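# Turn this into a structure:
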Amino acid sequence: MGMLKLGILGAGHFGRFHALKAAKAASGGRVAFLGLVDASPERAAQVAAEAGCPVLAPAALLAAADAVIIAAPTAFHHELATAALAAGCHVFVEKPIAATLEQADALVAQAAAAGRVLQVGHVERFGAGMATLQGSAGVGRPLYMEAVRIAPFRPRSLDITVILDLMIHDLDLVIALAGAELVGVEAVGAKVVSDRIDIANARLRFANGAQATVTASRASLRMERRLRVFGTEGYASLDFLARELKLVRRGRGAALEQIPGHGIETLSWQEHDNLEAEQAAFLAACRGEAPVVVDGRAGRAALDAALRVEAAVASALRAAGI
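Residues are numbered from 1 along each chain as shown. The predicted structure is shown next:
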């Protein structure tokens, strides 16, 4: 493939960032950034001016593009991705892949039948922290994982719960690390500052015996982002805000008096632009230069987990008479 023609559907919070990254990618000479679409003409004009691209009609963009990035609200993911795949486009769709599992299944099947890339925007897979963990030889097969993602309130994405807004990132990570089917979900949660669930805690069980506890909040006073993995060969603790990975393993690193025979190693990393890396991976997959890192099946698995957590939270609230 020569020049890859790229368009963006949706110019909201993430759509703006995608447009700026697409404009930067176009400066490299292998991507032609055709332009963007948004339901708000004012917002479309604002972001297009910032990115230096035209505003196009949806039909015109789909007719001209080889690939599209869908950054519209979740309710429109299925409709827009279906139209893009039908037009012969490769598709990147922000998380969650769709609003329902039926919609996700339809997109996965359509992309496979059309022979087109379907990538889902689970950007944490492209972070330097996860790359550092994966490059460290790890801690063997995960037995227990704990993920925490809490943040102050921001008045966006309130059309969905914190589970589909924030927790789904860590659901995707622990599913990928577990490498097995999710077989059990227990969860609790509460509405704090919006009319949807703003804080939730879930306990996950996988078919291979691995378990995970995942906590997410968008109603906290400070930010916290960490992941702990206890495996068959040691323990890893990632602090994403401090950019630090601690590894406790047998016979490696500085000796630990508290744990005989084990040592500790501390690694750090330099942050890179996760979204730029994610978009570059999508473009490489469209050209056939690399496999899709987070494909439709992975996006579907994360959505399935998120919906099961939502259902468990709803059940717990009903049981409590709330």
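
# and D239, what pLDDT?
Reported pLDDT at D239 in the predicted model: 97.

# Please name the residues that touch the closest residue to it other than its chain neighbours.
With sequence-adjacent residues excluded and distances taken as CB to CB, 6 or more residues apart in numbering, D239 is closest to R226, at 5.1 Å. No exception for glycine: its C-beta is placed from N, CA and C like everyone else's. Contact analysis of R226 by CB atoms under 8 Å, 6 or more residues apart in numbering lists E146, A147, V148, S237, L238, D239, F240, L241.

# give me the element the fourth one is part of.
What it means is S237. strand 234-239 (DSSP states H and E).

# Quickly list what the nearest residue to A48 once chain neighbours are set aside is bridged to.
In this structure, A48 finds its nearest non-sequential neighbour in V55, 4.8 Å apart by CB to CB, 6+ apart. Using DSSP bridges, the bridge partners assigned to V55 are L36.

# Confirm for me that V55 is in contact with L34.
No - if you go by CB atoms under 8 Å, V55 and L34 don't touch, sitting 10.7 Å apart.

# So between these two, which is more surrounded?
Higher neighbour count among V55 and L34: L34, with 21 against 18, using other CB atoms under 10 Å.

# separation between that one and A65?
6 Å (CB to CB, to the nearest Å).

# Low-confidence ranges, this structure, go.
Across the chain, residues meeting the criterion (pLDDT under 70) sit at 1, 156-157.

# which parts of the strand holding S237 are buried?
For strand 234-239, burial by neighbour count (16 or more other CB atoms under 10 Å) applies to G234, Y235, A236, S237, L238, D239.

# and the following helix or strand past that strand, what other elements does it pack with?
For strand 234-239, the following helix or strand on the C-terminal side (DSSP H and E) is strand 244-250. With contacts defined as 3 or more CB pairs under 8 Å, 6 or more residues apart in numbering; DSSP states H and E, the packing partners of strand 244-250 are helix 128-134, strand 234-239, strand 262-268.

# and if we set it to 10 Å?
Judged by 3 or more CB pairs under 10 Å, 6 or more residues apart in numbering; DSSP states H and E, the packing partners of strand 244-250 are helix 128-134, strand 224-231, strand 234-239, strand 262-268.
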